[in-house]
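Peer 1: for reference, the sequence and a predicted model appear below.
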Amino acid sequence: MLTDQIGLIAATIPSPSDAVWEIGPFPLRGYALCIILGIVVAIWIGEKRWHARGGRIGDVQDIAVWAVPFGLVGARAYHVATDWKRYFGEGGDPIEALYVWQGGLGIWGGVALGVLGVWLGCRRKGIKLLPFLDALAPGVLVAQAIGRWGNWFNQELYGRPTGLPWGLEIDRAHFSDHYLATHPDVPSEFACAENPDLAGCVATFHPTFLYECLWNLAAFALIIWLDRRFRLGHGRVMAAYVMAYTLGRGWIEYLRIDDVQLDNVLGLRFNVWTSIVLFVAAAAFFLWSWRRHPGREEAAYLEGREPDPVTGETAEPEVTRDGAADVTDEASTSD
């Protein structure tokens with residue numbers, strides 16, 4: 001029996017003892033490193049896919065200057081809006097809403113404002129929006145897979161308690177209020193600080209960060225195969241990304257017991273409902289796009305805005321007599 005217990009403990013996933021490393025006066029945070037690495041990888045994948053679709057190398061980096069800041073603001077705003085009591089409720093500190101490094105980036109806020117940033121960048125460069133989003137979407141899944149390891153560093157957003165061999169070890173200081181409320185026998189934080197080996201000061205939970213990481217990587221591989229097999233275009237890769245991600249996020253979200261959005265809406269967490277609604281919307285768009293625009297776009301740029309084959313410079317839009325740039329509505333379509 002003792003041997004089995006030792007083997008079970010050895011098989012669990014430990015959490016990092018430190019999430020921040022001091023390099024002189026500068027703190028280096030594991031959460032931030034994961035987010036930054038994810039962004040870099042997404043841009044790299046996006047560049048390769050955009051070039052394969054007829055785009056110019058460097059376009060993704062240029063538009064990332066718009067998309068990344070918009071996405072980070074949107075992701076933080078979504079998190080704060082859905083967990084507002086933590087910052088603006090009783091005992092909350094509104095200033096902490098700005099502490100991005102402590103964790104708390106809502107993916108759907110990031111996608112929504114990130115797409116707005118992409119749209120602005122595409123209009124400036126004469127790029128068609130939907131093929132550009134199709135080039136970016138798979139890389140975003142990889143970025144999310146990498147970014148989830150930031151939750152591992154912060155010991156946050158884990159699932160229900162479990163005795164499975166791959167259970168994630170969480171320290172007493174990071175137990176959620178929900179877990180503490182349902183386990184009144186947990187030692188106090190002071191007692192655990194005095195004696196970390198005290199029973200109950202460490203518990204194992206479903207590693208939802210790992211589940212989502214693996215799901216996202218599998219979804220990435222599936223979408224790449226679908227895109228190559230069926231030559232998806234006109235926003236269908238982006239729709240497939242939304243469907244694949246929400247399908248996994250729905251059941252993973254159901255496992256979580258963190259304090260964010262614990263209030264059920266008709267028996268389900270708010271993020272589960274968000275996943276259901278977005279999956280249905282993405283599926284409807286996919287079918288509509290398939291029927292209306294079969295195949296893939298032949299051009300990546302608006303007419304007259306194609307890069308010069310020699311210099312690589314994008315043609316500037318013509319200016320009308322009233323001094324306004326002649327930018328057509330095609331910037332928001334794929335036709």
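Peer 2: In hand now; what should we look at?
Peer 1: what residues are up against residue 44?
Peer 2: For residue 44, the contact set (Cβ atoms under 8 Å, 6 or more residues apart in numbering) comprises residue 139. C-beta coordinates here come from the backbone N, C-alpha and C atoms, glycine included.
Peer 1: ignore the last one, residue 175
Peer 2: 186, 203.
Peer 1: quick one: it and residue 20, what's the gap?
Peer 2: 20 Å (Cβ to Cβ, to the nearest Å).
Peer 1: residue 69 contacts residue 118, correct?
Peer 2: No - using Cβ atoms under 8 Å, residue 69 is not in contact with residue 118, being 11.8 Å away.
Peer 1: what is in contact with the two at once?
Peer 2: Common neighbours of residue 69 and residue 118 (Cβ under 8 Å, 6+ apart) do not exist.
Peer 1: show me which of these two is the more surrounded one.
Peer 2: Neighbour count, other Cβ atoms under 10 Å: between residue 69 and residue 118, residue 118 has more, with 22 against 13.
Peer 1: residues in contact with residue 104?
Peer 2: So residue 104 contacts 76, 79-80, 83 (Cβ under 8 Å, 6+ apart).
Peer 1: so which of those residues is the most crowded?
Peer 2: Neighbour-wise, those (other Cβ under 10 Å) top out at residue 79, 23 neighbours.
Peer 1: just the closest of the contacts of residue 104 to residue 301, please.
Peer 2: residue 76 (32.6 Å; Cβ to Cβ).
Peer 1: quick one: that closest one and residue 299, what's the gap?
Peer 2: In terms of Cβ to Cβ, residue 76 sits 36 Å off from residue 299.
Peer 1: cool, residue 113 as well?
Peer 2: From residue 113 to residue 299 the distance is 27 Å (Cβ to Cβ).
Peer 1: kindly report the same for residue 183.
Peer 2: From residue 183 to residue 299 the distance is 60 Å (Cβ to Cβ).
Peer 1: then residue 160?
Peer 2: 50 Å.
Peer 1: over to residue 192?
Peer 2: 62 Å.
Peer 1: next: residue 270.
Peer 2: In terms of Cβ to Cβ, residue 270 sits 40 Å off from residue 299.
Peer 1: and residue 77, helix, strand or coil?
Peer 2: helix (DSSP: H, G, I helix; E, B strand; the rest coil).
Peer 1: secondary structure element holding the nearest residue to it once chain neighbours are set aside?
Peer 2: In space, and not counting its chain neighbours, residue 77 is closest to residue 109: 5.3 Å by Cβ to Cβ, 6 or more residues apart in numbering. Counting by DSSP states H and E, the element that carries residue 109 is helix 107-125.
Peer 1: residue 22 now?
Peer 2: strand 20-23.
Peer 1: neighbouring strands - and their directions - for that strand?
Peer 2: strand 26-29 (antiparallel) (DSSP bridges).
Peer 1: same question for the strand it pairs with, mean pLDDT?
Peer 2: The average of the pLDDT scores along strand 26-29 is 89.
Peer 1: could you list the residues in contact with it?
Peer 2: 19-22, 101, 153.
Peer 1: report the distance from that strand to the chain centre.
Peer 2: With Cα atoms, centre = their mean, to the nearest Å as the basis, strand 26-29 stands 22 Å off its chain's centre.
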